[in-house]
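S.K.: dropping a prediction and its sequence here:
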Amino acid sequence: MLSNSVNNDKVIKIFSGIRCVSKDQLPRYLDGRLTEVEKHLVEQHLTDCDLCFEALQALEKEGSTEKYADLTSKLQRYIQQSIRPVSQEQKVAQYTRKERNKENLLVYFWVLAFAILGVSGVYVLKGHMRNNPTIPRLMVSAIPPAEAAKLPSSETAVTSQPIVTANHPSNIPSAPPAVATTAPASSTAAPAAVDSARIKLLAAERAAKRKAQADSLLKANQDAAEVRRQDSLKKLAEEKDKEQKEKDAAEAAAKAAKEKEKEPEPAPKKEEVKKEEAAPATNSIESLYKSALQYQQQGNLSEAMDRYKRIEANGSGKYVEMARYQLGICYRSKGQSARARRMFKEVVKMDGSLKAAAQQALDTM
Amino acid sequence: MHQQLTSLSDKELISRTRKQKDREAEGVLMDRYSHLLVAITLPQLQKNPSLDPNIVFPTLLQRLSASLRTQSIYKANEWILHMQRGYLNNQDKATPFYPSREARDLLHIENKVDRASTNTIDRQEIIVRLEQALQRLAPEEKKLLDEFYVEQKSFSELAAAKGWNRDKVRNQLKAAKAKLAKLFINQAYVK
């Protein structure tokens, strides 16, 4: 049974496919230098394969193994030479094609990217121009430096010294907001200008400041003259009023005396006295304040402060507040910040019309 | 790459050449059969001095390469022999190659056996049917096949025993095998 199964296994060998005799095997079979197993395999193949059998026969007959070996090596070299270059060329061609494709794709990509960038840039710029049409830079630089200097110089003349005049006390609280509004305007103009333009502006500003100081002196003088004129007018008007009132009072007194003959006179008289006292006091304080302002503007701070202190000591209400405020400014310009701060605090405490200005001064210190 | 290709079978090399247009695979296939091509062409070259090996072999290779792409090839050895004969008989006309019926039968059985190599059930079935086919052979043919395949006697031993020369032994074996293959295939149809 066992031998039968082994035989059976060998039977299947009849139809097992075997490769052709190799270049190495063929001469060895001819010389009988193969092992038994190998020889049997070759013979099995030879029964099927006409090609191998014919080759074997040819080699046996001719006996010219040298020519066979020579031709075989030649043919193999020829095959290798003809195949390899072609395959290498194919590979190189494939590689170059791939590279070219990649490059083309890259080129397309960049062109597309730049186009999109350009279009979007134009779109954004248009939107920007539409939304806030700003003054182009060229126009700013085209303004002559003198003119450009005038604009900020007038502002600085206003902003540098917030002087409080007696004529327009109601304007004072509104002054800081005005400063606040003008300051941004100058700051928006500044970044737009080119650096050289800015330098020019600065130089012009310095020149303008000097000019402005002289101007402000003149202005102050003019203001003082005007104030004096107005005061004289006022005085005249008041005198007229007084006369009228006295007349009225006299008439009224006469009438009252005639009609009732009791308590008519003392009240009006008292009023008159009071008025007579108050008017010169306010007048003197006012003039003091003005002269102090003048001194302050001239730069004679000690004189000005002396006057302010006197006003503070003698004066009342509004003038005390203003004097304190100016004192604070004087202290600040002298560099005595503690005293300046105290003054401003007092002004704030007084809760008058200058409260906001003082608070601002405190904040900025 | 070349190393990997040399280990492939003929069938795979041919399909690579066709489908992937792989010149390297074609080169490997030609290289594999180059020595046999030279050996079978040698007698003709010596007989006919007008044939120049520098012309014959390149043109032969070109013909083979052209037919490799167009024709169905079952067995490379058969195909190469056919092409070589066709070329030497008529150098102008390219004779198309048609594998013989016997060769196809043989290939069919070989493939079957190859597939059954790892499947014991199929293997047993094939063995049983082979035995049956062997029984239907002529006794001398059966004996010859048994001696050659089972007892593993060589050509020379058989030739000495029978008193034939080696070629006759080989031809007898081939004829017996072809008969067996035919019986085996017909058995399948009968069944």
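M.R.: Cool, got the structure.

S.K.: got the domain ranges for chain B?
M.R.: Per the record, chain B has its domains at B:2-89, B:101-190, by automatic domain parsing.

S.K.: any idea which element the closest residue to B:Ala178 other than its chain neighbours lies in?
M.R.: Leaving aside its sequence neighbours, B:Ala178 sits nearest to B:Glu102 (CB to CB, 6 or more residues apart in numbering or on different chains; 5.2 Å). C-beta coordinates here come from the backbone N, C-alpha and C atoms, glycine included. Take DSSP states H and E as the rule and B:Glu102 turns out to sit in helix B:101-115.

S.K.: export the domains of chain B to TSV and tack on mean pLDDT, distance to A:Val37 and mean neighbour count?
M.R.: Shown next, in TSV, are the domains of chain B (pLDDT from 0 to 100; distance: least, CB to CB, whole Å; neighbours: other CB atoms under 10 Å in any protein chain shown):
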stretch	mean pLDDT	distance to A:Val37	mean neighbour count
domain B:2-89	86	21	18
domain B:101-190	87	9	16
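
S.K.: picking up where we left off before, and the helix holding B:Glu102, what does it pack onto?
M.R.: Where contact means 3 or more CB pairs under 8 Å, 6 or more residues apart in numbering or on different chains; DSSP states H and E, helix B:101-115 is packed against helix B:120-135, helix B:166-190.

S.K.: enumerate the residues of the stretch 51-200 of chain A near chain B.
M.R.: By CB under 8 Å from any CB of the partner chain, the residues of the stretch 51-200 of chain A that approach chain B are A:51-59, A:61-62, A:64, A:67-68, A:71-72, A:74-76, A:78-80, A:82-84, A:86-87, A:90.

S.K.: OK, contacts around the residue nearest to B:Ala178?
M.R.: Applying CB atoms under 8 Å, 6 or more residues apart in numbering or on different chains, we find B:Glu102 in contact with B:178, B:181-182.

S.K.: ok, so of these, who is nearest A:Gln213?
M.R.: B:Ala181 (128.3 Å; CB to CB).

S.K.: what about B:Lys153, which helix or strand?
M.R.: Following DSSP H and E, one finds B:Lys153 outside all helices and strands.

S.K.: in contact with A:Pro27: list those residues for me.
M.R.: A:59, A:65.

S.K.: distance of it from A:Leu41?
M.R.: Remark: distance between A:Pro27 and A:Leu41 (CB to CB, to the nearest Å) = 16 Å.

S.K.: B:Thr41 now?
M.R.: In terms of CB to CB, B:Thr41 sits 25 Å off from A:Leu41.

S.K.: skipping adjacent residues, who's closest to B:Thr95 in space?
M.R.: B:Gly86 (3.7 Å).

S.K.: residue contacts, the one you found?
M.R.: Shown in contact with B:Gly86 (CB under 8 Å, 6+ apart): B:93-95, B:97.

S.K.: of those residues - the most surrounded one?
M.R.: B:Phe97 (18 neighbours; other CB atoms under 10 Å in any protein chain shown).

S.K.: tell me the one of the contacts of B:Glu102 nearest chain A?
M.R.: If you rank the contacts of B:Glu102 by distance to chain A using CB to the nearest CB, B:Ala181 comes first, at 7.3 Å.

S.K.: so that closest one touches A:Phe15, yeah?
M.R.: Yes: counting by CB atoms under 8 Å, B:Ala181 does reach A:Phe15; the two are 7.3 Å apart.

S.K.: what touches both of those two?
M.R.: B:106, B:109.

S.K.: if I look at A:Lys91, how far off is B:Ser154?
M.R.: Distance from A:Lys91 to B:Ser154, counting by CB to CB: 48 Å.

S.K.: tell me which element B:Leu36 falls in.
M.R.: Counting by DSSP H and E, B:Leu36 is part of helix B:23-47.

S.K.: tell me the secondary structure for A:Asp22?
M.R.: Just to correct that, residue A:22 is Ser rather than Asp. coil (DSSP: H, G, I helix; E, B strand; the rest coil).

S.K.: give the contact list for it.
M.R.: B:His35.

S.K.: can you pull the pLDDT of it?
M.R.: A:Ser22 is assigned a predicted lDDT (pLDDT) of 88.

S.K.: tell me the phi and psi of it?
M.R.: phi -80, psi 170 (degrees, to the nearest 10).

S.K.: same question for the one 10 residues further on.
M.R.: Taking degrees, to the nearest 10, you get phi 70, psi 40 for the backbone angles of A:Gly32.
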